[in-house]
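**Student:** compute the structure for the input listed below.
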Amino acid sequence: MRHHHAPHALVPCVCLLALALPAQAADKEPVRFTHKDWGLQCDNTRACSAVGYQPEAGDSGPVSIRLTREAGPGTPVLVDLQVSTEDATPASLNLKVGKLSLSGLKGDIPRVPAGQVAALLQELQKNDEATVTAGKEQWVLSLAGASAVLLKMDEAQGRVGTPGALVRRGSKSESSVLAAVPAPVVNAVRPLPERKGDDALAKPLLAAIDLKEVDDRCNGDPPKPAEVQVHRLTERKVLLSIPCAMGAYNFGGLNWLANDRPPYQPQQLDAEGEFDAADGSIRSSMKGRGIGDCWSMQEWHFDGKGFVLTGQSGDSMCRGFAGGAWQLPSYTAKVVLPTNPASKKP
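**Tutor:** Purely as a prediction, here's the structure:
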């Protein structure tokens, strides 16, 4: 039961992760693949997440399994399980697939013990479905598409034919496995405090932007100065943010980088969403469809000159989980703030 907020622009759920990447990543766009009831998303570091769900046509409640693996030789596979229920989260789950039975898996998102992962991987590829139970409740996990998705995961990480491959194992040296790609480092800049008079910039900045672009993107009446926000970034740069209702069920914000005095020269940003002055970030969230069971997230940080994409993730499929099942990273960066270095991974 994931809970994601700050809804944003409307896109069909099948395209949730088809978002623009920075120029340095465009030549090697992360692998994304879906087949039947399974999906795969890798990111710019070659870390991959494979997920499976209940059959799309069936009466099982929402259930999902996630297999994550970092790139590089000898890395382990981490396996997590999740169900959605109208009652309280079960104290523990039991997983049965083929000859393997795992009981007492505890936690909101239980993790399969490391010692059982190898056996589980074998059974996932031999069977058509798995069952998850908690007391009298039962969920059916489809394995249709699992082998194809796990093979694609091996291919993306250069593991086919090696001992560590998930599907087609062989004797090829583990040293041949593709290494992890270092995440880009973004040196973020904290915005300056608001100044007296910044709010008064809303009217001239609104007059300087192309309101047709706002009208094309947003539902409703043209924005008024009282409805927009001006945020101080640097000695001479400010951010103009205009709230924007998009499509049938999403709400976000359009943003412009501008000078704080004439000529204002506002430049519309790709970064859409809510601004956080604490760390100079803009974060957006997009509903895949009205019931809110799949989302896509993006995050940008201000680097002193502009806003740089630092995180991107989303669900692979819309399968009934309130707030979405997983956030699978498609892009990640290491964000370094002046007084608080930190890694940001969605």
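
**Student:** and the gap between the residue located most distally from the centre of the chain and T234?
**Tutor:** Centroid-distance maximum for the chain: P262 at 38.6 Å, with Cα atoms, centre = their mean. From P262 over to T234 the distance is 17 Å, taken as Cβ to Cβ, to the nearest Å. Glycine gets a C-beta too; all of them are placed from N, C-alpha and C.

**Student:** strands of the stretch 151-300 of the chain, start to end?
**Tutor:** Secondary structure of the stretch 151-300 of the chain (DSSP state E, counting those that start in this stretch): strands at 185-187, 229-232, 237-246, 250-259, 267-268, 274-276, 281-287, 295-302.

**Student:** tell me how far the third one lies from the chain's centre.
**Tutor:** Read that as strand 237-246. On the basis of Cα atoms, centre = their mean, to the nearest Å, strand 237-246 sits 23 Å off its chain's mean C-alpha point.

**Student:** please apply the same query to stretch 115-122.
**Tutor:** Here stretch 115-122 is found 27 Å from its chain centre; the criterion is Cα atoms, centre = their mean.

**Student:** show me which residues of stretch 94-107 are buried.
**Tutor:** Neighbour counts over stretch 94-107 (16 or more other Cβ atoms under 10 Å) mark 94-98, 100, 102, 105 as buried.

**Student:** who's in contact with P222?
**Tutor:** Residues in contact with P222 (Cβ atoms under 8 Å, 6 or more residues apart in numbering) are 211, 214-215.

**Student:** let's see it at 10 Å
**Tutor:** Contact partners of P222, counting by Cβ atoms under 10 Å, 6 or more residues apart in numbering, are 206, 211-212, 214-215, 242.

**Student:** give me the neighbour count for E129.
**Tutor:** E129: 18 surrounding residues under other Cβ atoms under 10 Å.

**Student:** mind checking how far it is from G98?
**Tutor:** From E129 to G98 the distance is 10 Å (Cβ to Cβ).

**Student:** what residues are shared contacts of these two?
**Tutor:** In terms of Cβ under 10 Å, 6+ apart, E129 and G98 are both contacted by the residues L143.

**Student:** which non-adjacent residue is nearest V83?
**Tutor:** Among residues not flanking V83 along the chain, V63 sits closest, at 4.8 Å (Cβ to Cβ, 6 or more residues apart in numbering).

**Student:** please apply the same query to P223.
**Tutor:** In space, P223 is closest to I242, 4.9 Å off (Cβ to Cβ, 6+ apart).

**Student:** is the one you found bridged to anything, and to what?
**Tutor:** As for beta bridges, I242 partners with L254 under DSSP bridges.

**Student:** do you know the pLDDT at it?
**Tutor:** With respect to pLDDT, I242 scores 95.

**Student:** residues in contact with it?
**Tutor:** 202, 205-206, 209, 211, 214, 217-218, 222-223, 227-229, 252-256.

**Student:** run the last query once more with 6 Å
**Tutor:** I242 is in contact with 223, 228, 254, counting by Cβ atoms under 6 Å, 6 or more residues apart in numbering.

**Student:** same question for Q41.
**Tutor:** Each residue near Q41 by Cβ under 6 Å, 6+ apart is listed here: 32, 49, 316, 328, 330.

**Student:** buried residues, stretch 152-167. List them.
**Tutor:** Buried residues in stretch 152-167, counting neighbours by 16+ other Cβ under 10 Å, are found at 152-160, 162, 164-167.

**Student:** out of those residues, which comes closest to A277?
**Tutor:** Lowest distance from A277 to those (Cβ to Cβ) belongs to A156, with 37.8 Å.

**Student:** residue contacts, that closest one?
**Tutor:** Applying Cβ under 6 Å, 6+ apart, we find A156 in contact with 31, 42, 48.

**Student:** one step back: pretty sure the residue nearest to V83 contacts T133?
**Tutor:** No - if you go by Cβ atoms under 6 Å, V63 and T133 don't touch, sitting 10.4 Å apart.

**Student:** these two: which has the busier surroundings?
**Tutor:** Per other Cβ under 10 Å, whichever of V63 and T133 has more neighbours is V63, with 27 against 16.

**Student:** tell me the contacts of that one?
**Tutor:** So V63 contacts 54, 83, 132, 139, 141 (Cβ under 6 Å, 6+ apart).

**Student:** ditto for V177
**Tutor:** Here V177 is in contact with 73, 158-159, 162 (Cβ under 6 Å, 6+ apart).

**Student:** now, which of those sits nearest S173?
**Tutor:** T162 (7.1 Å).

**Student:** so W300 makes contact with G311?
**Tutor:** No - applying Cβ under 6 Å, one finds W300 not in contact with G311, separated by 8.4 Å.

**Student:** which one of these two has more residues nearby?
**Tutor:** Using other Cβ under 10 Å as the criterion, W300 and G311 rank with W300 on top: 27 against 23.

**Student:** please name the bridge partners of the more buried one.
**Tutor:** Per DSSP bridges, the residues bridged to W300 are I282, L309.

**Student:** contacting residues around it?
**Tutor:** W300 neighbours (Cβ under 6 Å, 6+ apart): 271, 282, 307, 309.

**Student:** next secondary structure after the least confident helix or strand in the chain by mean pLDDT?
**Tutor:** One helix or strand of the chain scores below all others by mean pLDDT, DSSP states H and E: helix 23-26, with a mean of 40. Scanning forward in sequence from helix 23-26 by DSSP states H and E, the next helix or strand is strand 32-35.

**Student:** got the contact list for that following strand?
**Tutor:** Here strand 32-35 has contacts from 17, 40-41, 145, 148-149, 152, using Cβ under 6 Å, 6+ apart.
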